[in-house]
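Novice: pasting the structure only:
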């Protein structure tokens, strides 16, 4: 395994305001457990506010967990685990040329010198299907898809083992999305990469992922092989998310306050135990896990 998360949790404390002395504790993620196999793509699926971006930041060490840990079977984690952000318009410094943006990682990590830098930059651009002439231009001279290719080039320049992709196609047109997804798959084969691929788009996850982790309100509700989850979703939330059942969610504070299942207030299958006790993750069949008292 390249990495394993064990009871990974993150809470934020919102400080008192001018009108109140009360501090609010927000649990962004709670007890997340999964494994990333070498050469695989783990798709993380959930609605806005489910904790997907917090998970990405914890794995890439942009923030530290409140509890739990991420265990890496990788040397030099800072270099070997790279993140690609959702918005290519804000992830590149508009005051730097593309050459300055791309050469920086090479020089900082001593992956190139003055003699071979140009050839490495050309090879890097070839990998993401960009012309060498773009090096002297600035990010605002490119389209969204081209900027995301530049961001991908910057990430793979450090020869990573894992790419954490946080909604990398969300801001792109559909035709451009397809090209970027195919680029990710090609680079996976060529460079031996593994991905944690975060999205709220079911079609994207269905296309690219090998395994899937479903998040709801900061907790994992189901995980396993993609085919098993998409063909036989076991958690009520997963079935609604995948469109197997239609339902209008009620966002109520009671879901976050009680000690039972976080989906209790929205679940048609709830029983008394669901309100009193948080479900433990169980393996229903090989490669298919669910956190539910009443899996269907």
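Specialist: On my side now, so go ahead. As the structure is a prediction and not an experimental result, all values here were calculated from the model.
Novice: hey, where'd the helices end up in the stretch 151-296 of the chain?
Specialist: 174-191, 202-208, 226-231, 236-241, 254-257, 272-276 (DSSP state H, counting those that start in this stretch).
Novice: and the ones you listed, which one averages the lowest pLDDT?
Specialist: Mean pLDDT is lowest for helix 254-257 among these, at a mean of 50.
Novice: what values do phi and psi take at residue 145?
Specialist: phi -70, psi -40 (degrees, to the nearest 10).
Novice: which ones are touching the closest residue to it other than its chain neighbours?
Specialist: What sits nearest to residue 145 in space, not counting adjacent residues and going by CB to CB, 6 or more residues apart in numbering, is residue 176, at 3.9 Å. (Glycine included, C-beta is placed from N, CA and C.) Residues in contact with residue 176, defined by CB atoms under 8 Å, 6 or more residues apart in numbering, are 143-145, 169.
Novice: just among the residues you listed, which is most surrounded?
Specialist: residue 169 (24 neighbours; other CB atoms under 10 Å).
Novice: does that one really touch residue 177, like I thought?
Specialist: Yes: between residue 169 and residue 177 there is a contact under CB atoms under 8 Å: 4.1 Å.
Novice: list residues touching both of these two?
Specialist: Contacts common to residue 169 and residue 177, judged by CB under 8 Å, 6+ apart, are residue 204.
Novice: quick one on the thing from earlier: any chance of the contacts of residue 176 in JSON lines, plus distance to residue 203 and pLDDT?
Specialist: Output for the contacts of residue 176, formatted as JSON lines (distance: CB to CB, whole Å; pLDDT from 0 to 100):
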{"residue": "143", "distance to residue 203": "22", "pLDDT": "94"}
{"residue": "144", "distance to residue 203": "19", "pLDDT": "92"}
{"residue": "145", "distance to residue 203": "18", "pLDDT": "95"}
{"residue": "169", "distance to residue 203": "10", "pLDDT": "94"}
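Novice: which member of those is positioned nearest residue 116?
Specialist: Set against residue 116, the nearest of the contacts of residue 176 by CB to CB is residue 145 (28.8 Å).
Novice: how close does the closest one sit to residue 178?
Specialist: 10 Å (CB to CB, to the nearest Å).
Novice: likewise residue 125?
Specialist: 21 Å.
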